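Trainee: Sequence and computational prediction follow.
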Amino acid sequence: MLGETRFPFHDLDDLGPALEAALGDAADATLTTDKDALTDLSGYDLVIDYTTDSTLTDDQREGLLGFVADGGGYLGVHSASDLTSLADGDGGLDHRDDPFPELRDLVGGHFTGHPEQSTFGVDVVDDHPVTEGVDDFEVYDEPYEVDVDDDVRVLARMDHPDLPDHPVVWVKPYGDGRVCYASLGHTEDAFETDSYRRLLRNAVGWVAGA
C-alpha cells in the first residue's frame with residue numbers, strides 16, 4: 001500500500017490504518033511511503049495506490065507498469081486518480097496541465113475536481129466479482145469528478161446532485177493484469193462503511209487473481 005505523508009488531506013499515517021482495517025483479512029498489507037518499493041514488486045500480489053503526487057522516476061514507473069502488465073494487481077483508491085497534482089515543496093500543491101500519460105493509461109481515468117464533502121448515494125450498476133454482495137449505499141466522503149475512458153467497465157455510480165450518474169468504481173485489464181479504481185476514501189467514514197469495505201475486499205481478491 002503506497003501513500004504519502006506530505007499532504008494533511010491524504011496522509012497515509014492517518015488514513016492508511018483505516019484503509020488497512022477496511023481490507024480486513026483480504027490482504028496482508030505493507031504500508032510504505034517509499035516509491036522505490038515499486039522498482040521490485042516480485043514479493044507482492046497487488047499494489048494498493050493511495051498517492052496524491054504521482055511523480056515517479058523511470059525505474060519506479062517501469063516497475064509498477066511492468067508488474068501489472070505481467071499479471072500483478074492494481075487497486076487505485078481515491079487520490080490515486082489525481083494524476084495532475086504535484087507537491088510544491090511547502091506542503092501544498094502545484095498542478096500539471098495534463099495527467100501523466102502512462103499512469104492515465106493504467107488507471108483508465110483521472111480526477112478533475114470535486115464538490116464539497118457530503119453524504120451521497122452510491123448505486124451498484126453491474127454484477128461483477130468486485131460488487132458481489134454489495135448493495136447500494138450512502139457514504140460521507142469527498143465526491144470525485146473524473147474523466148473516464150469509454151472502454152472501462154463501470155461497476156458503481158454516484159447519486160449526487162452535482163455529479164449525477166458519475167462513475168465511482170470501475171475495472172479494466174492492463175496487459176495480463178487487472179486494475180480496479182474506487183474513488184471513495186477521503187474520510188474515515190468511507191472506510192468504515194460496510195458496503196464499501198465489502199467492495200474493497202472483493203476488489204483485492206479480484207485484482208490479485210489474474
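Mentor: That came in fine, so what should we check first?

Trainee: For the rest of this, base every contact and every neighbour count on C-alpha atoms.
Mentor: Noted.

Trainee: Relative to residue 5, how far out is the residue located most distally from the centre of the chain?
Mentor: Within the chain, the residue lying farthest from the chain centre (Cα atoms, centre = their mean) is residue 90, at 24.9 Å. Look at residue 90 and residue 5: by Cα to Cα, to the nearest Å, they are 13 Å apart.

Trainee: Then residue 101?
Mentor: For residue 101, the distance to residue 5 (Cα to Cα) stands at 24 Å.

Trainee: who's more crowded, these two?
Mentor: More neighbours surround residue 5 than the other of residue 101 and residue 5, with 17 against 10 (other Cα atoms under 10 Å).

Trainee: before we move on, the earlier item: distance of the residue farthest from the centre of the chain relative to residue 69?
Mentor: When distance is defined by Cα to Cα, residue 90 is 35 Å away from residue 69.

Trainee: cool, and residue 38?
Mentor: Distance, residue 38 to residue 69, by Cα to Cα: 14 Å.

Trainee: Neighbour count: those two, which is higher?
Mentor: Taking other Cα under 10 Å, residue 38 and residue 69 do not tie; residue 38 has more neighbours (21 against 18).

Trainee: Let's see the pLDDT reported for the more buried one.
Mentor: Each residue has a pLDDT score; the one for residue 38 is 98.
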